[in-house]
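[1] sequence isn't available, so here's the structure alone:
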């Protein structure tokens with residue numbers, strides 16, 4: 001009878017999506033040292049597992065063998081499909097301090113048979129990072145986890161999120177200062193702080209300054225900050241400017257006084273506002289000063305002005321002065337008195353001249369006044385006028401010029417005196433005392449009263465000189481006219497009469 005021959009299909013293992021293992025037959029039952037070579041038909045072996053087969057166990061079988069002396073039976077094997085390895089890597093990212101945290105995404109390595117995370121994974125991975133918007137500058141891990149897939153064994157690879165420094169701009173303050181004034185304090189302003197940060201987070205505060213000085217010329221000078229440091233910020237600097245403007249300088253024209261026809265006063269400039277020890281020497285072009293008044297200008301007030309000054313560091317304003325042009329004086333001089341001496345009732349011709357202080361021809365009238373009230377008036381050009389005295393005695397004559405059409409040129413009431421004129425009565429009982437003013441010695445007349453015939457008082461004077469007195473016979477001398485003494489005295493500007 002035939003011997004029993006058992007043919008067993010081989011078992012194997014394969015990875016999902018991998019190569020299906022070859023199934024082979026193993027024999028048990030050959031006798032007489034026979035082998036599978038005695039088989040007239042070799043068995044065919046296979047398995048139901050394929051590269052697409054999900055993870056699991058699949059049978060392997062052999063069939064179709066034939067041999068004359070054996071009864072053949074078959075024993076199946078097993079092909080085991082195991083999960084393929086799948087690597088899920090968390091994405092890397094970069095963010096700025098205070099910025100938005102990047103989204104962490106997975107990337108897959110190991111999908112087979114056209115699988116994707118959508119088709120092959122029953123649970124998608126969750127990815128994240130420990131970095132936040134408030135995280136300081138540094139590196140932080142990103143990770144994925146929680147994925148599931150029947151045909152895959154999942155491994156995870158972390159990523160990295162780098163937090164970089166944010167940009168911080170420090171701007172130096174700008175300012176304006178006046179030439180010569182205090183330099184403004186330069187301060188920083190900040191643009192770019194995040195997460196509620198302030199300048200207190202700086203590990204080193206900025207130092208700010210400007211090249212402008214109180215002595216700097218008018219112009220624009222930079223202001224800068226530097227030296228700041230901060231862990232979470234990259235610092236950039238923006239310069240400011242300090243503008244030095246011109247200081248105010250006031251130039252005042254001098255005032256003055258002049259007389260009509262006289263020299264015009266020199267107009268000079270005075271300065272208010274120089275700083276830094278500056279003087280007029282710093283002016284590239286000093287002011288030109290003048291007045292509209294001339295020696296021929298009428299009496300009045302005229303402006304004095306300065307102009308045309310230039311200065312690099314000053315804004316110049318001008319203040320006008322005044323030149324007051326006053327009336328010139330005229331000298332009125334009594335030249336002669338004719339006759340001299342004179343008697344009561346006789347016409348006395350008085351001549352005069354009027355001389356202006358500087359230039360021009362005076363016009364108007366001259367009035368000659370006696371201290372006893374008599375007066376006469378004539379035009380300046382007439383050169384004289386006449387007086388008649390009704391009483392005896394000593395007079396003082398005063399000449400007063402009153403200007404006419406040229407009134408603005410010379411002042412009114414400029415008087416000049418001729419004093420000591422004595423026009424006494426003829427005294428038949430008078431002793432001759434000669435041509436001097438001392439008509440009688442004081443001791444000769446001190447006890448007598450002056451009287452005409454009948455005893456009426458004629459003229460009684462105090463002091464040294466006496467006239468018209470009756471004296472004892474022992475003092476009598478041949479009677480004759482009393483001499484008129486002339487003593488000229490000149491007074492300017494209506495001087496008070498000098499009686500002696």
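    Okay, I see it. Keep in mind that what you see is a predicted model, and the values were worked out from it rather than measured. Numbering: from 1, shown residues only.
[2] what about stretch 90-102, distance to the chain center?
    Centroid separation between stretch 90-102 and its chain, computed with CA atoms, centre = their mean, to the nearest Å, is 48 Å.
[3] may I see the buried residues of that stretch?
    90-91, 93, 95-98, 101-102 (16 or more other CB atoms under 10 Å). C-beta: built from backbone N, CA, C; applies to glycine.
[4] and that stretch, how far apart are its ends?
    Terminal residues of stretch 90-102 are spaced 12 Å apart (CA to CA, to the nearest Å).
[5] with stretch 64-82 instead?
    This stretch, stretch 64-82, spans 30 Å end to end (CA to CA).
[6] who does the helix or strand harbouring residue 332 pair up with?
    Per DSSP states H and E: residue 332 is located in strand 330-338. According to DSSP bridges, strand 330-338 forms sheet pairs with strand 347-356 (antiparallel).
[7] and the helix or strand just after the partner strand, which residues are buried?
    Of the helices and strands lying after strand 347-356 in sequence (DSSP H and E), the nearest is strand 365-370. Neighbour counts over strand 365-370 (16+ other CB under 10 Å) mark 365-370 as buried.
[8] packing partners of strand 365-370?
    Here strand 365-370 is seen to pack against strand 347-356, strand 375-379, strand 384-388, strand 394-402 when contacts are counted using 3 or more CB pairs under 8 Å, 6 or more residues apart in numbering; DSSP states H and E.
[9] which one of those is the most hemmed in?
    When you average the neighbours per residue for each of the helices and strands packed on strand 365-370 (mean count of other CB atoms under 10 Å), strand 394-402 leads with a mean of 22.
[10] same for that one, what does it pack against?
    For strand 394-402, the packing partners by 3+ CB pairs under 8 Å, 6+ apart come out as strand 330-338, strand 347-356, strand 365-370, strand 414-422.
[11] now do it against strand 375-379, angle only.
    Here strand 394-402 points in a direction 30 degrees away from that of strand 375-379 (axes from the mean of the first three to the mean of the last three CA atoms, to 10 degrees).
[12] avg pLDDT for stretch 380-389?
    Averaged across stretch 380-389, pLDDT comes to 92.
[13] how big is the angle separating the strand holding residue 332 from strand 384-388?
    Using the same axes, to 10 degrees: strand 330-338 against strand 384-388 is 50 degrees.
[14] roughly how far is strand 330-338 from the heart of the chain?
    In terms of CA atoms, centre = their mean, the centre of strand 330-338 is set 69 Å apart from its chain centre.
[15] same thing with stretch 175-195?
    Computed by CA atoms, centre = their mean, the chain-centroid distance of stretch 175-195 equals 14 Å.
[16] quick check: end-to-end length of that stretch?
    Using CA to CA, the end-to-end distance of stretch 175-195 comes to 30 Å.
[17] in that stretch, what counts as buried?
    By neighbour count on 16+ other CB under 10 Å, the buried set for stretch 175-195 is 175, 177-180, 183-184, 186, 188, 190, 192-194.
[18] which residue ranges form the strands in the stretch 151-300 of the chain?
    Secondary structure of the stretch 151-300 of the chain by DSSP state E, counting those that start in this stretch: the strands cover 152-157, 159-164, 166-172, 175-178, 188-191, 207-210, 219-226, 233-238, 240-245, 247-253, 256-259, 269-272, 288-291, 300-307.
[19] could I get those in a markdown table, plus columns for mean pLDDT?
    A markdown table is the format used below for the strands of the stretch 151-300 of the chain (pLDDT from 0 to 100):
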| stretch | mean pLDDT |
| --- | --- |
| strand 152-157 | 98 |
| strand 159-164 | 98 |
| strand 166-172 | 98 |
| strand 175-178 | 98 |
| strand 188-191 | 98 |
| strand 207-210 | 98 |
| strand 219-226 | 98 |
| strand 233-238 | 98 |
| strand 240-245 | 98 |
| strand 247-253 | 98 |
| strand 256-259 | 95 |
| strand 269-272 | 98 |
| strand 288-291 | 98 |
| strand 300-307 | 98 |
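[20] redo those as TSV? Include distance to residue 85.
    Shown next, in TSV, are the strands of the stretch 151-300 of the chain (distance: least, CB to CB, whole Å):
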stretch	distance to residue 85
strand 152-157	5
strand 159-164	19
strand 166-172	41
strand 175-178	70
strand 188-191	52
strand 207-210	60
strand 219-226	57
strand 233-238	43
strand 240-245	63
strand 247-253	85
strand 256-259	113
strand 269-272	95
strand 288-291	102
strand 300-307	99
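[21] among those, which is nearest residue 327?
    For these, the distance to residue 327 is smallest for strand 256-259, at 7.5 Å, taking CB to CB.
[22] so which of the helices and strands packed on strand 394-402 comes closest to residue 231?
    The closest of the helices and strands packed on strand 394-402 to residue 231 is strand 347-356. By CB to CB, the value is 95.4 Å.
[23] how big is the angle separating the closest one from strand 365-370?
    Relative orientation of strand 347-356 versus strand 365-370 (the same axes, to 10 degrees): 130 degrees.
[24] need the contact partners of strand 347-356.
    Around strand 347-356, the neighbours that count as contacts under CB atoms under 8 Å, 6 or more residues apart in numbering are 261, 328, 330-340, 342, 362, 366, 368, 376, 380, 383-389, 397, 399, 401, 409-410, 423.
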